[in-house]
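[1] this one's structure only:
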């Protein structure tokens, strides 16, 4: 490398000779940084909605080779205009975390180990327990004969990862089952 090449590569020299004395434009870029591209430039972008709350912020999900590489705010979204809260910014971890459970796990009463169940078995166990609890705790009328048609045997607490449609269906389901305590984390 000659002395002239070394001096021309020096940022202070570029600031004085390129008309960029504050070093905020081309003078601040090295040859290496000038040739860099975006890490996600070749990724396919899929539009999505953040799953965490009812606001509905838009997300751009970058996908390469069938795997999610980046999730960022969608600048075309009229709701969030490219911004995401900390939970929305970290939503890639929701689907790509190595500790994410992808099987139904069950620990029997007084057991010390978890076991894997198939989905049909787990759903049958849940529905049997819900219907049994409803039958045992059903209140048709109170002591004065006032019609109640309710159960206080179970409740619903919706989570922040449920979207509006899922929360709507949960509300309808628990209301139809006669539950009184139906709440969502977003209101607490």
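    Looks like it came in fine. Predicted model only: the values in this text are computed from it and were never measured. Numbers count the residues shown, from 1 in each chain.
[2] Next secondary structure after the helix or strand of the chain with the lowest mean pLDDT?
    Among the helices and strands of the chain, helix 3-8 carries the lowest confidence by mean pLDDT, DSSP states H and E, at a mean of 63. Proceeding C-terminally, helix 3-8 gives way to helix 11-17 as the next helix or strand, assigned by DSSP states H and E.
[3] For that following helix, buried residues please.
    14, 15 (16 or more other Cβ atoms under 10 Å). From N, CA and C alone the C-beta is placed, and that goes for glycine too.
[4] can you check stretch 118-137 too?
    Result for stretch 118-137 [16+ other Cβ under 10 Å]: buried residues 130, 134.
[5] and what of stretch 177-188?
    Buried, per 16+ other Cβ under 10 Å, within stretch 177-188: 177, 178, 179, 182, 184.
[6] Need the residues that contact the host helix or strand of residue 140.
    Assigned by DSSP H and E, residue 140 belongs to strand 138-141. Under the contact criterion Cβ atoms under 8 Å, 6 or more residues apart in numbering, strand 138-141 has outside partners 147, 148, 149, 150, 151, 152, 153, 178.
[7] Using just helix, strand and coil, how would you label the third one?
    Spelled out, it's residue 149. Following DSSP: H, G, I helix; E, B strand; the rest coil, we place residue 149 in the strand state.
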